[in-house]
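Undergrad: what's the 3D shape of this:
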Amino acid sequence: MRSFVLRMPAAVLPCALLVLAPLAAGRALAWSVPDRGADLKSLVVPVADDDDRDIIRLLPPGTSSSPPQQPDIRIPNGGGAVPGQGLRLSGQTIAVPINFQPWPGRENLSYVGLRLDGVNDPALAAALGLDKEAGVFVVDTTPGAPAAQAGLRFGDFVTALDGKPVTQTSDFVEAVKQRAPGSQGTLTVWRVGDDGTGYLEALRTLADRGSTPAMMFLARLYTNGTGVQRDASQAVSWFKKAALAGSTNGMLLYGDALATGQGTVKDVAEGQRWIRKSAQENNVAALYRLGRMFRDGEGMAPDAIEAVNLFKKAAEQNYSPAMVAVGLMFEGGGGLEADHLQAAQWYKRAAEAGDADGMAALGTMYSTGRGVEKNPTMASMWYTEAAKQGQLLAIHNLAYHYDKGIGVARDPNTASALVYQALERHYQFTYEQMVENSRAWSREFRKALQLRLAAGGYYTGAADGSFGRTTFDAIKTMVQTQ
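TA: Predicted coordinates for the structure are as follows:
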């Protein structure tokens with residue numbers, strides 16, 4: 001018998017970033033609040049000598065030697081009080097003609113050259129001047145691309161294409177896909193200000209008048225460096241203003257910044273006070289964040305019972321990250337006696353609510369037969385669903401399933417595509433496996449991965465399935481490329 005460390009999935013921020021052109025990778029407009037300590041503790045489980053599960057990540061990262069992922073606090077819509085939500089930006093609706101040009105190198109596809117983000121919070125949509133929760137926010141454009149030529153710029157909202165409403169980024173993707181290269185269309189655009197600078201000035205004016213959605217949106221822009229220089233201290237300043245104005249999300253995120261020292265002087269006690277204040281207003285994300293403080297002993301003595309009670313309170317209000325957190329604690333990751341049956345039930349609940357981390361965690365339970373009957377097919381199914389949402393643990397594990405034919409038809413080429421995707425997103429565990437444990441993967445897989453590395457311009461050696469210095473250097477270069 002031998003032992004190895006199993007790790008469970010850290011929360012993953014759903015990425016709203018959409019690149020519709022050969023554009024350098026950028027960040028989505030999303031709250032960027034670093035993880036405050038490992039969400040998922042380690043378990044040591046004995047396995048048979050011929051068991052190869054140690055090359056699959058069975059539990060999420062967080063305590064390995066590699067840097068932990070930095071998940072965000074998932075802020076649900078309607079997260080408590082939203083003072084000043086009756087204030088709105090003034091602007092105008094304009095029609096913008098646009099040409100759909102062939103994508104360079106992929107001439108059968110159209111592109112417009114936009115980086116977009118969705119706005120799915122009704123209070124924020126109203127504050128930004130939209131009549132309803134509709135439209136996609138223009139983050140930036142590719143120089144010389146159709147969108148830039150048409151005059152689109154940061155701060156614009158695309159609300160329709162040829163009269164058909166656009167409510168989320170996927171709508172716009174599908175609409176562009178259906179256009180023939182060289183054809184034309186008309187975008188309906190909601191515009192505030194004469195340019196990006198004017199947009200920011202209008203947004204700051206609205207915030208100064210007391211609109212907490214505008215304050216929170218400004219914090220979001222400064223957090224991610226969207227349309228402004230990235231500035232954590234400015235982001236914290238806007239979080240604080242929103243908190244003082246009565247926004248429970250502002251209280252939570254200002255408290256989190258204080259507790260972690262992100263953009264401000266670290267003050268765990270003061271941070272905890274603001275997070276408690278938000279939780280007392282029944283902000284579910286704050287209940288979850290406070291639960292983590294009790295679980296991890298962040299500025300207080302650890303208290304597993306209080307932690308799980310807070311997680312359950314948030315979970316009962318359909319906050320799926322809290323469901324995953326309860327599952328992790330029952331799996332032995334937070335001071336409770338292990339109860340794999342309850343852990344699996346909570347993961348299943350989160351998975352069925354659409355939570356990618358819950359899906360990945362449930363997949364690990366089916367992989368190992370903990371809390372459920374071992375079922376590789378079900379494991380692969382849940383990994384597949386989580387992978388569709390970009391969950392990296394699931395992408396890596398699903399790749400191994402395809403390489404070995406575990407619960408799916410064996411397909412080393414699909415496995416290589418999944419590993420390539422994980423490497424593109426700098427997933428440390430996949431990188432470590434390719435460099436330190438590549439011989440555990442099939443030669444067919446390794447040849448297919450070399451071909452993908454070559455197509456990406458990273459690898460110049462032979463595609464022979466033998467990983468040596470040239471292959472390892474290519475993988476390292478890929479992972480280090482921003």
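
Undergrad: Next, the residue nearest to G91 when sequence neighbours are not counted: phi, psi?
TA: Spatial nearest neighbour of G91, excluding adjacent residues (CB to CB, 6 or more residues apart in numbering): V192 at 3.7 Å. C-beta: built from backbone N, CA, C; applies to glycine. The main-chain torsion angles of V192 are listed as degrees, to the nearest 10 and equal phi -120, psi 130.

Undergrad: so who does V192 touch?
TA: V192 makes contacts with L89, S90, G91, L128, G129, G155, G198, Y199, A202, L203, as judged by CB atoms under 8 Å, 6 or more residues apart in numbering.

Undergrad: and the second one, how many neighbours does it have?
TA: Residues near S90, counting by other CB atoms under 10 Å, number 9.

Undergrad: How is it assigned, secondary-structure-wise?
TA: Look at S90: counting by DSSP: H, G, I helix; E, B strand; the rest coil, its state is coil.

Undergrad: Likewise for V138?
TA: V138 - assigned by three-state DSSP - is strand.

Undergrad: how about it, what does it touch?
TA: V138 makes contact with L114, R115, L116, A147, L152, R153, F154, G155, D156, F157, V158 under the criterion CB under 8 Å, 6+ apart.

Undergrad: ditto for A235
TA: With contacts taken as CB under 8 Å, 6+ apart, A235 has the following neighbours: A219, R220, Y222, T223, A257, G263.

Undergrad: Quick check: phi and psi on the second one?
TA: Geometry field for R220 lists phi and psi as phi -60, psi -40, criterion degrees, to the nearest 10.

Undergrad: What distance do you get for it to R289?
TA: As judged by CB to CB, to the nearest Å, R220 and R289 stand 17 Å apart.

Undergrad: ok so, going back, could you flag which of the contacts of V192 are buried?
TA: Buried members of the contacts of V192, scored by 16 or more other CB atoms under 10 Å, are L89, G91, L128, G129, G155, Y199, A202, L203.

Undergrad: now, which of those lie within helices?
TA: In this view, these that belong to helices under DSSP state H are Y199, A202, L203.

Undergrad: Next up, the contacts around the first one.
TA: This means Y199. The neighbourhood of Y199, defined by CB under 8 Å, 6+ apart, consists of F154, G155, V192, G193, G227.

Undergrad: got it, and the last one?
TA: Applying CB under 8 Å, 6+ apart, one finds that L203 lies in contact with L89, V192, A214, F217, L218.

Undergrad: what about 7 Å?
TA: L203 makes contacts with L89, A214, F217, L218, as judged by CB atoms under 7 Å, 6 or more residues apart in numbering.

Undergrad: Assumed the second one was part of a helix.
TA: In other words, A214. Yes: going by three-state DSSP, the assignment for A214 places it inside a helix.

Undergrad: from memory it sits against G129, does it?
TA: No: with contact defined as CB atoms under 7 Å, A214 does not reach G129; the gap is 10.6 Å.

Undergrad: So which of R220 and R289 has more stuff around it?
TA: Remark: of R220 and R289, R289 carries more neighbours, 29 against 21, as counted by other CB under 10 Å.
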